[in-house]
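Novice: The amino acid sequence is not available; the structure is as follows:
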């Protein structure tokens, strides 16, 4: 059977989310900042046009922001998460086979849908815009790699009007795509490929199979075959199990004291453990990262300590104990710290926990029940309703989000107002 | 929604047990009597199910001002807005006029379209060609505390 995939990509997703409930932003430049209001992580088309770059620190584009009246927002992940879920739900109504690829992208399997793919995708695009309010671009092709390339053209070319089908047109489009822009070709491979004269997607589609396998590994060979129209990357319906959970954030300011760091580490550990439990898993490895404020332009000093957990667990108090011990080991009095992070790895399903002869697991039925009750209360009444005293109450280290928009869709007190 | 999901999980839990599987089965074939588990599900009413047809296209907004008071829309009320519905003449809609959200009744008369307030103290708005007016969604219910 012939394969047919579509990639649906939300345009400037975070900026588009801000626009749904703020009609004044239509046609105006909008940017969204990273967690700590540090860098630009999303730009509306108007913001791109005046020269604001992706990842640019805010202080660098302050002048552009002032002279062009750019609307600046802190990131509002509750809002973006809710809007993303809505977009994906609309896609699922249109197509039985959807793979959510990221917060703002999804692959659709269109094989077997008895419709002209381009017409069908235009309907999907109109529906997402009307129902949720987010503009999307859609690329279509016999492989996921070509669908991804099509979505780029759909977004950039005005003539495409948001939808581009690559089927039968690869001869025209592949030569115009730089090799580093091909899905799955990292920057490292792109440099190597360029040095060998492989400059475009077209060049890449013409390399010898053996050469590709040798220099780009099997993954790279799959990309080459996909560019030629042979589908080798199927739609993953099931979400890949997480191999690690990371919870880390920069502080809103310089932090010097161990007590404050302990509170932050405990809060992130609680969050990571909660995530672990929603996946009915346990972790067998924990790592704590502590990052200093950099001097001048230098690289910030990073301190890391980690340990194997004797018997895999998802029990928050036990994990907090380990985090505290690890943090105490790497903390030095003196420097200002910018960031602390917790990583849980070695994640195993709860049913497959290896017991340890020399270590009595602290995660019995009583502990599991306690954690379950905790998670249920926090799910029902809001995150942080019940929390560990170790995670503190004041949270002076919490991130700076000076320009966050209201929680329009997830908080009764923040609903949009109409007159 | 989350509450509903918890309930369904519990029912599945029951079905997994052998003891309940059998009566469930016989209940179904005997005379089409509802099974004890179905009975259990029917005991709660879900307002979401009653009020919301298109969950992914439905948003809540809060009312300010009195321009729709005669349509029983009061300041502080919450409106349920469905963006999947096409506005018809007579629909109460959320519209955007000059970058502001407003709730009004949408009306077509011949070739003209209007956004009508339901309060004699406010003036009707005729939608002219040079205006930028967008219908954002259709109001389906008013949540009003008595």
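Specialist: The structure has been received and is ready for your questions. Since the structure is predicted, the reported quantities are computational estimates derived from the model, not experimental observations. Residues are numbered from 1 along each chain as shown, chains lettered A, B, ... in the order given.
Novice: Not counting sequence-adjacent ones, nearest residue to residue 124?
Specialist: Answering for chain A, as no chain was given. Closest residue in space to residue A:124, ignoring its immediate chain neighbours: residue A:94 at 4.9 Å, by Cβ to Cβ, 6 or more residues apart in numbering or on different chains. Every residue, glycine included, has its C-beta placed from N, CA and C.
Novice: Hmm, no, I was thinking of chain B.
Specialist: Among residues not flanking residue B:124 along the chain, residue B:116 sits closest, at 4.9 Å (Cβ to Cβ, 6+ apart).
Novice: which residues does that neighbour contact?
Specialist: B:104-107, B:124-125 (Cβ atoms under 8 Å, 6 or more residues apart in numbering or on different chains).
Novice: Pull the number of nearby residues for the residue nearest to residue A:124.
Specialist: 18 (other Cβ atoms under 10 Å in any protein chain shown).
Novice: Now do it against chain B, distance only.
Specialist: To chain B, residue A:94 is 11 Å away according to Cβ to the nearest Cβ, to the nearest Å.
Novice: what sits against that residue?
Specialist: A:108, A:120, A:123-124, A:127.
Novice: Can you flag the buried ones in the residues you listed?
Specialist: A:108, A:120, A:124, A:127 (16 or more other Cβ atoms under 10 Å in any protein chain shown).
Novice: Any chance of a markdown table for the residues you listed, columns pLDDT?
Specialist: Listed next are the buried ones among the contacts of residue A:94 as a markdown table, based on pLDDT from 0 to 100:
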| residue | pLDDT |
| --- | --- |
| A:108 | 95 |
| A:120 | 97 |
| A:124 | 98 |
| A:127 | 97 |
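Novice: Next step: those restricted to strands.
Specialist: If you go by DSSP state E, these have residue A:108 in strands.
Novice: Which pair of the buried ones among the contacts of residue A:94 spans the longest distance?
Specialist: Maximum pairwise distance among these (Cβ to Cβ): 12.8 Å, between A:108 and A:127.
Novice: okay, the residue nearest to residue A:124: pLDDT?
Specialist: Predicted confidence (pLDDT) for residue A:94: 90.
Novice: neighbours around residue A:25, how many?
Specialist: Using other Cβ under 10 Å, residue A:25 has 19 other residues around it.
Novice: isn't it right up against residue A:71?
Specialist: Yes: shown here, residue A:25 and residue A:71 form a contact pair, counting by Cβ atoms under 8 Å, at 5.7 Å.
Novice: What ranges does chain B have for its helices?
Specialist: Using DSSP state H, the helices of chain B run over residues B:2-16, B:18-31, B:36-42, B:47-51.
Novice: Can you name the residues of chain B that neighbour chain A?
Specialist: Residues of chain B lying close to chain A (Cβ under 8 Å from any Cβ of the partner chain) are B:2-3, B:54-57, B:59-65, B:67, B:78-79, B:83-84, B:94, B:96, B:99-103, B:134, B:136.
Novice: Run through chain B and note the low-pLDDT ranges.
Specialist: B:1-43 (pLDDT under 70).
Novice: any idea how it splits into domains?
Specialist: Annotated domains of chain B cover B:21-51, B:54-143 [automatic domain parsing].
Novice: tell me the most buried of the ones you listed?
Specialist: Highest mean neighbour count of these: domain B:54-143, a mean of 16 (counted as mean count of other Cβ atoms under 10 Å in any protein chain shown).
Novice: Off-centre distance for it?
Specialist: 15 Å (Cα atoms, centre = their mean, to the nearest Å).
Novice: and the end-to-end length of that domain?
Specialist: From its first residue to its last, domain B:54-143 covers 18 Å (Cα to Cα, to the nearest Å).
Novice: just stretch A:306-326 next, same as before
Specialist: 7 Å.
Novice: What of stretch A:58-66?
Specialist: 11 Å.
Novice: right, and the secondary structure at residue A:264 would be what?
Specialist: Secondary structure assignment for residue A:264 (DSSP: H, G, I helix; E, B strand; the rest coil): helix.
Novice: where does chain A dip in pLDDT?
Specialist: Ranges of chain A meeting pLDDT under 70: A:1, A:35-36, A:237-243, A:295-300, A:351-363, A:382-384, A:391-401.
Novice: In the contacts of residue B:116, find the pair that's most separated.
Specialist: B:106 and B:124 (11.4 Å).
Novice: so what sits against both of those two?
Specialist: Joint contacts of residue B:106 and residue B:124 (Cβ under 8 Å, 6+ apart) are B:114-116.
Novice: Sketch out the strands for the stretch 251-400 of chain A, chain order is fine.
Specialist: Secondary structure of the stretch 251-400 of chain A (DSSP state E, counting those that start in this stretch): strands located at A:281-292, A:302-313, A:337-345, A:348-349.
Novice: ok, now chain B?
Specialist: Under DSSP E, chain B gives strands at B:58-63, B:78-82, B:92-97, B:100-109, B:112-116, B:125-127, B:133-143.
Novice: Would you map the helices across the stretch 101-250 of chain A?
Specialist: Taking DSSP state H, counting those that start in this stretch, the helices of the stretch 101-250 of chain A run over residues A:117-131, A:144-156, A:170-173, A:187-195, A:201-205, A:209-227.
Novice: helices or strands up against the last one?
Specialist: Yep, that's helix A:209-227 we're talking about. Counting contacts by 3 or more Cβ pairs under 8 Å, 6 or more residues apart in numbering or on different chains; DSSP states H and E, helix A:209-227 packs against helix A:144-156, helix A:187-195, helix A:201-205.
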